[in-house]
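Peer 1: Sequence first, then the predicted structure, then my questions.
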Amino acid sequence: MNFEFFLARRMRTSSTNESTVSGRIIKIAVLAIAIGLVMMLVAIGTSLGLQREIKAKTIALSGDLRIAPFENNNSSLSVRPIHSDEITPTIESNIQAIKHAYPFITKGVLLKTKNEFEGAILKGVSQHFPWEELSSYLKEGAFPSFEGAISKEMLLSATLARKLNLDIGNRVSAYFQSQEEGRLPRIRYFILSATFQTGFPDFDDNYAFVDMRHLQKLNGWDEDQMGGYEVFLNDESDTSVFAGNVYAALPPHIDVQTVDQLYQGIFDWIALFDFNVLIILLVMILVGTLNMATALLVLILERSRMIGVLKALGATTAQVQKIFLFNAAYIIAKGLLWGNGLGLLLLFSQVKWQWMQLDPATYFVSSVPVYLPLHYILALNVLVLTICVGLLWIPSRIVGGIEPSRVLRFR
């Protein structure tokens, strides 16, 4: 057995006097490490969870990629149509990387009931739209079916349905601005089949889904003309690379935007979470290291006579340092054990009962989401242990200043 490790273990088993100064300080150090790790686990788990949840919502609403003419990029509405044969060859050639691909059209509308009216954006989609991507946001009713004849069913946000006092099965009038000046608005009637709530105010306050063929007729477009395509990918990590390849293969008047570009403001905002988590990590590691340094110094001073004996017997300063660093590593590991238990229990309780709530208007979710993979937990523990023990080498150098001739004098 390693000499330094053996003596470090003997020190722990023989110095169990809880009333000593070092005993109380060691308890404080263990507590500081545990609380610090709990805060780091909670910060990382909630930050990753929030980023993951928000990104999943944005992808569910718009796909990983949006393919549309450049004229449509600066507008929420489909201004210029594109033909399906301009896009489908590129999609078919990359079909292995694509999970879903569907055409869409967006058009402004005024929705009116007997006593209420609200402006909205109709998103026309085809029978190929992946409704399962929105299944977690469905509030009432059943998703519309756009197979066969042109459907009058509408999927409306719960926010708009509440403002319009609409229930499932009710009829709503939709007024569209005529493309000819001086003409009265054109009217279509839809039946509310379902409502959804995503937590994104900009989307919940404005959007409704209808059969794309209604909008093609209103715009005077052919069956093979649409506002663009939205694409879901099998591997999200390749989004930027895939977007570049698709853009290069498309005609020059067609643009490709990733979900990060479509919701740039949101993604810039959630990117700040990483900086906040980094600050928390640095502060907690610093606090834990300072507490451990204090405990280590007290432990060394209490054991100064033992250090003198070991040096008199031929032990080098480096060997004595290792003894105390082994003890410090044990104390840190004990704090990490308690911190992992408490932190994971706290995160599990949030997943189970969702007791930490958020304002959806600000954070786009109603409760704090949690996502913390195992490799993050292991990496965090290794990082804390390595940094703390590494930094404790500095205060442990006080061992070199302890001379046997001074501490072993007869009093």
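Peer 2: That came through, no problem. It should be emphasised that the depicted structure is a prediction, and the values quoted were computed from it without experimental measurement.

Peer 1: and the residue lying closest to Glu140 once chain neighbours are set aside, what is it in contact with?
Peer 2: Among residues not flanking Glu140 along the chain, Thr195 sits closest, at 4.9 Å (CB to CB, 6 or more residues apart in numbering). Just so you know, the C-beta spots here come from the backbone N, C-alpha and C atoms, and that holds for glycine as well. Residues near Thr195 by CB atoms under 8 Å, 6 or more residues apart in numbering: Leu138, Lys139, Glu140, Gly141, Leu155, Leu156, Ser157, Ala158, Ala161, Ile168.

Peer 1: Scan the residues you listed and report the most crowded one.
Peer 2: Among those, Leu156 has the most neighbours (other CB atoms under 10 Å), with 29 neighbours.

Peer 1: Okay, buried residues for the helix or strand hosting the residue nearest to Glu140 please.
Peer 2: Under the criterion of DSSP states H and E, Thr195 resides in strand 186-196. Buried residues in strand 186-196, counting neighbours by 16 or more other CB atoms under 10 Å, are found at Arg188, Phe190, Leu192, Ser193, Ala194, Thr195, Phe196.

Peer 1: helices or strands up against the following helix or strand past that strand?
Peer 2: Downstream of strand 186-196, the first helix or strand assigned by DSSP H and E is helix 201-204. Applying 3 or more CB pairs under 8 Å, 6 or more residues apart in numbering; DSSP states H and E, one finds that helix 201-204 contacts helix 158-163.

Peer 1: list the buried ones in the next helix or strand along the chain from the helix it packs on?
Peer 2: Downstream of helix 158-163, the first helix or strand assigned by DSSP H and E is strand 171-176. Buried residues in strand 171-176, defined by neighbour count with 16+ other CB under 10 Å: Val172, Ala174, Tyr175, Phe176.

Peer 1: Quick one: the residues you listed as a markdown table, columns for pLDDT too.
Peer 2: Listed next are the buried residues of strand 171-176 as a markdown table, based on pLDDT from 0 to 100:
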| residue | pLDDT |
| --- | --- |
| Val172 | 94 |
| Ala174 | 94 |
| Tyr175 | 93 |
| Phe176 | 92 |
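
Peer 1: that older thread, of all the contacts of Thr195, which comes closest to Thr316?
Peer 2: Taking CB to CB as the measure, Thr316 lies nearest Leu138 of the contacts of Thr195, at 70.4 Å.

Peer 1: who's the closest residue to the closest one other than its chain neighbours bridged to?
Peer 2: In space, and not counting its chain neighbours, Leu138 is closest to Phe196: 5.6 Å by CB to CB, 6+ apart. Under DSSP bridges, the beta-bridge partners of Phe196 are Leu138, Ser157.

Peer 1: what's the spacing between Phe196 and Val125?
Peer 2: From Phe196 over to Val125 the distance is 13 Å, taken as CB to CB, to the nearest Å.

Peer 1: thinking again about what came up before, give me the pLDDT for the residue nearest to Glu140.
Peer 2: What the model reports as pLDDT for Thr195 is 96.

Peer 1: Between all of the buried residues of strand 186-196, which two are separated the most?
Peer 2: By the measure CB to CB, Arg188 and Phe196 form the most distant pair in the buried residues of strand 186-196, at 20.5 Å.

Peer 1: CA atoms of stretch 141-156 as PDB?
Peer 2: Extracted as PDB, the C-alpha positions of stretch 141-156 are listed here (Å, rounded to 0.1, in the frame of the first residue of the first chain):
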ATOM      1  CA  GLY A 141     -60.200  18.700 -29.700                       C
ATOM      2  CA  ALA A 142     -58.500  16.700 -32.500                       C
ATOM      3  CA  PHE A 143     -56.000  17.700 -35.200                       C
ATOM      4  CA  PRO A 144     -57.700  18.600 -38.500                       C
ATOM      5  CA  SER A 145     -57.500  16.200 -41.500                       C
ATOM      6  CA  PHE A 146     -56.600  17.800 -44.800                       C
ATOM      7  CA  GLU A 147     -56.900  14.600 -47.000                       C
ATOM      8  CA  GLY A 148     -59.500  14.400 -49.700                       C
ATOM      9  CA  ALA A 149     -61.600  17.500 -50.400                       C
ATOM     10  CA  ILE A 150     -60.600  20.900 -49.200                       C
ATOM     11  CA  SER A 151     -61.200  20.900 -45.400                       C
ATOM     12  CA  LYS A 152     -62.800  23.700 -43.400                       C
ATOM     13  CA  GLU A 153     -61.300  22.600 -40.200                       C
ATOM     14  CA  MET A 154     -59.100  25.000 -38.300                       C
ATOM     15  CA  LEU A 155     -56.500  24.500 -35.500                       C
ATOM     16  CA  LEU A 156     -56.400  27.700 -33.500                       C
END
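
Peer 1: Check which residues of it are buried.
Peer 2: Residues of stretch 141-156 classed as buried: Gly141, Phe143, Pro144, Phe146, Ser151, Glu153, Met154, Leu155, Leu156 (neighbour count, 16+ other CB under 10 Å).

Peer 1: Identify the residue nearest the last one in space, chain neighbours excluded?
Peer 2: Distances taken as CB to CB, 6+ apart place Ala208 nearest to Leu156, at 4.5 Å, with adjacent residues excluded.

Peer 1: Counting neighbours, what do you get for that neighbour?
Peer 2: By the criterion of other CB under 10 Å, Ala208 has 24 neighbours.

Peer 1: and if you look at Glu53?
Peer 2: By other CB under 10 Å, 20 other residues sit near Glu53.

Peer 1: where's it, which helix or strand?
Peer 2: helix 21-62.

Peer 1: Against Ala271, how distant is the residue nearest to Glu140?
Peer 2: For Thr195, the distance to Ala271 - CB to CB - is 32 Å.

Peer 1: can you check Met306 too?
Peer 2: Taking CB to CB, one finds Met306 at 52 Å from Ala271.

Peer 1: So if I had to pick from those two, which one is more boxed in?
Peer 2: Met306 (17 against 11).

Peer 1: Now do the same contact list for the more buried one.
Peer 2: Taking CB under 8 Å, 6+ apart, we find Met306 in contact with Met11.
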